[in-house]
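[1] Predicted model and sequence follow; I will ask about them next.
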Amino acid sequence: MDKFYHIVTYGCQMNVHESEKIAGILSELGYVSCDSMEKADIVVFNTCCIRENAENHAYGNIGMLKKLKAAKRDMIIAVGGCLTQQMNKADVLHEKFPYVDIIFGTHNLNKLKDFVIEKQHRKKSIIKIDECDGSVVEGDNPLRTSYPNAWVNITYGCNNFCSYCIVPYVRGRERSRKSENILAEVKSLVDEGYKEITLLGQNVNSYANGTDDIPFYKLLEKVAAIDGKFRLRFMTSHPKDFSEELAKTIADNPKICHCLHLPVQSGSDRILNAMNRRYTTADYLRKVDILKKYVPDCAITTDLIVGFPGETDEDFEDTLNLVKKVDFSSAFTFVYSKREGTKAAEMDCQIPEEVSKKRIMQLVDLVNEQTRNHSQKFVGTTTEILCEGVDEKKGLYLGRNEYGRMAYFKSDKDVVGQFLNVKVESANGVSLYGEVVK
Ligand code: SAH
Ligand code: SF4
Ligand code: F3S
């Protein structure tokens, strides 16, 4: 009889891809994917701790499994990801949820197979968190779940230590995969029929820094030179490392999507400095100008934080003004969340919740208006969509254009994985609706 696994993923794209690696490991052990915890023989929580609410979601869901575990003693519960890697968190988790069988970290995910085998033969919980040893694991065998899209890690970890951010503490120092390994992986994905490749790293622009491997823009060129029709995306770009060469590379290689995620975080130089972002708003706007010079139609998306310690009304006004100036295609907006162990957690003047709430509502309104206007511009045009799947509720196929806009359309036959021209008839907020044309 089949044994089943169920994975719950929190956090960023990197974690989503890591869950594909976990799925690969579990399928090597003979487990088959299933869509409910009740049916599963092993449940894995791949956690995130970027903000407090990400942490609380995980706690809530792990807590809910207590009853199920009591009724189904053989079920294995494993918790991994960024949350477990935080200082002392594995012990806290074990105390809070003693029925969790395996607690592993971000640096020993590749050992999960051994942990599961060991757990099948012993009663006691396995709690194993490794420190980052600076190595790059190759040869993992992810079970990809997002055809026609595929994610490929190019760097792991982060050296930037933005003062609010927990990532450098839970993902270790930045290290890059060898370009030959990345190129071989992308080539085989394209040969297998994947149509959109996204290169992943916390700060892709600093790929291979301090090594004798090729810089990021050269890597992009080489990936884009791989035969076959596919789209190429990458994230995330740190503004301080965004270069003119990169803008040129995007312009010169048609496979690279005209869409760049360039998180600005704040529009106030004082706050950017306190955030340790190492650029000013003028630097940021200059980089946007360079990008627009080479790639005039490039969609720019961003991340914004409100309520960073010490943020005044004027600082927040500066953020609104910068958002107006750049006119982002879309943006993720966050309320600052205090992360124990980071520099910002020790800063005076933490902003009261009601102030942050007011600010985020104002910012969301502005960002939504820009997003709607950008969507509206596609109405009446024909745009190339890569079909990604079906929205069962709407009874429509869906896919994105190179600018990252989601479009919905009808089709009589299965068109997942195909490039289609869609004539956009209407736009509803962020999404487009249209009809396939020849
Ligand atoms: N490496 C990427 C993204 C990392 S996390 C980058 O540097 O852009 C994604 C986003 O989460 C960040 O861009 C930031 O806007 C947000 N974020 C990170 N730490 C946060 C915190 N403590 N509180 C609120 N938002 C945070
Ligand atoms: Fe966090 Fe900054 Fe690194 Fe991004 S660049 S992961 S925000 S420390
Ligand atoms: Fe990603 Fe969350 Fe970790 S955003 S890197 S899963 S802390």
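    Structure's in. What do you need? Ligands and ions are numbered 1, 2, ... in the order given.

[2] from the stretch 301-438 of the chain, which residue is nearest to ligand 2?
    Relative to ligand 2, the nearest point of the stretch 301-438 of the chain is D303 (8.0 Å; Cβ to the nearest ligand atom). C-betas here are computed from N, CA, C, even on glycine.

[3] thinking that residue is in contact with V264, fair?
    Yes. With contacts counted by Cβ atoms under 8 Å, D303 reaches V264, the gap being 7.4 Å.

[4] Which one's more surrounded, those two?
    Per other Cβ atoms under 10 Å, whichever of D303 and V264 has more neighbours is V264, with 25 against 14.

[5] The more buried one: what's it in contact with?
    Listed by Cβ atoms under 8 Å, 6 or more residues apart in numbering, the contact set of V264 reads 239, 281, 284, 302-304, 322, 326.

[6] Find the pair from those with maximum spatial separation.
    T281 and D303 (15.1 Å; Cβ to Cβ).

[7] thinking again about what came up before, report the beta-bridge partners for the residue of the stretch 301-438 of the chain closest to ligand 2.
    Under the criterion DSSP bridges, D303 forms beta bridges with F332.

[8] Okay, it and E118: tell me how far apart.
    Separation of D303 from E118 (Cβ to Cβ, to the nearest Å): 39 Å.

[9] Report the contact partners of the residue of the stretch 301-438 of the chain closest to ligand 2.
    Taking Cβ under 8 Å, 6+ apart, one finds 261, 263-265, 331-334 in contact with D303.

[10] just these that are near ligand 1?
    263, 265, 334 (Cβ under 6 Å from any ligand atom).

[11] ok, for the second one, nearest residue in space, not its chain neighbours?
    The shortest distance from Q265 to any residue other than its chain neighbours is 5.2 Å, reached at I305 (Cβ to Cβ, 6 or more residues apart in numbering).

[12] Next one: that neighbour relative to F332, how far apart?
    Distance from I305 to F332, by Cβ to Cβ: 10 Å.

[13] K423 too?
    From K423 to F332 the distance is 29 Å (Cβ to Cβ).

[14] hey, where'd the helices end up in this protein?
    13-28, 52-71, 82-85, 89-96, 112-121, 167-171, 179-192, 216-224, 244-252, 269-274, 281-294, 313-326, 353-376 (DSSP state H).

[15] Flag the shaky bits of this structure, pLDDT-wise.
    Flagging of the chain using pLDDT under 70 yields an empty set of residue ranges.

[16] quick one on the thing from earlier: who wins for proximity to ligand 2 among the helices of the chain?
    Per Cβ to the nearest ligand atom, nearest to ligand 2 of these: helix 167-171, 3.6 Å.

[17] is the closest one up against ligand 2 anywhere?
    Yes. Helix 167-171 lies within reach of ligand 2 by Cβ under 6 Å from any ligand atom, at 167-168.

[18] Give me the domain ranges for this structure.
    3-128, 149-376, 382-437 (automatic domain parsing).

[19] Show me the one of those that comes nearest S135.
    Checking the domains of the chain against S135 by Cβ to Cβ gives domain 149-376 as the closest, at 7.5 Å.

[20] Quick check: end-to-end length of the closest one?
    Start and end residues of domain 149-376 are separated by 26 Å (Cα to Cα, to the nearest Å).

[21] same deal with stretch 191-203?
    27 Å.

[22] about what we covered before: so between I305 and F332, which is more surrounded?
    The residue with more neighbours, out of I305 and F332, is I305; 27 against 13, by other Cβ under 10 Å.

[23] could you list every residue that touches the more buried one?
    164, 265-266, 275, 334-336.

[24] just L304 next, same as before
    Contacts of L304 (Cβ under 8 Å, 6+ apart): 263-266, 319, 323, 331-334, 363, 367.

[25] Need the buried ones from those residues selected in ChimeraX.
    Restricted to buried positions by 16 or more other Cβ atoms under 10 Å, the ChimeraX selection for the contacts of L304 reads:
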select :263,264,265,266,319,323,331,333,334,363,367
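
[26] Pipe the contacts of L304 into CSV and attach distance to S36 per row.
    Below are these laid out as CSV (distance: Cβ to Cβ, whole Å):
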residue, distance to S36
P263, 35
V264, 40
Q265, 38
S266, 42
T319, 42
V323, 41
A331, 34
F332, 29
T333, 33
F334, 31
L363, 37
V367, 35
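
[27] Name all residues that make contact with T145.
    20, 23.

[28] Could you measure from it over to H17?
    10 Å.

[29] and if you look at T371?
    26 Å.

[30] same question, R359
    For R359, the distance to H17 - Cβ to Cβ - is 33 Å.

[31] near ligand 3, which of the contacts of I305 show up?
    Okay, of these, nothing touches ligand 3 (Cβ under 6 Å from any ligand atom).

[32] Let's see which of those residues end up in strands.
    Of the contacts of I305, the ones assigned to strands by DSSP state E are 334-335.

[33] from the chain's centre, how far out does stretch 262-271 sit?
    How far stretch 262-271 lies from its chain's middle: 20 Å, per Cα atoms, centre = their mean, to the nearest Å.

[34] Next: stretch 252-270.
    Distance, centroid of stretch 252-270 to centroid of chain: 15 Å (Cα atoms, centre = their mean).

[35] Return the set of buried residues in that stretch.
    255-269.

[36] Same question for stretch 41-61.
    Quick answer for stretch 41-61 (16+ other Cβ under 10 Å): 41-51, 54-55, 57-59.

[37] Name the nearest of the residues you listed relative to Y403.
    I50 (25.7 Å).

[38] Name all residues that make contact with G11.
    G11 touches 46-48, 50, 54, 81-82, counting by Cβ under 8 Å, 6+ apart.

[39] Also M406?
    398-400, 430-432.

[40] ok, and of those, which contact ligand 1?
    Within these, nothing lies near ligand 1 by Cβ under 6 Å from any ligand atom.

[41] List the single closest residue to the residue in the stretch 51-200 of the chain positioned nearest to ligand 3 in space, sequence neighbours excluded.
    For the stretch 51-200 of the chain and ligand 3, the shortest gap (Cβ to the nearest ligand atom) falls at C82, measuring 3.3 Å. Computed as Cβ to Cβ, 6+ apart, the closest residue to C82 that is not its neighbour in sequence is V170, at 4.2 Å.
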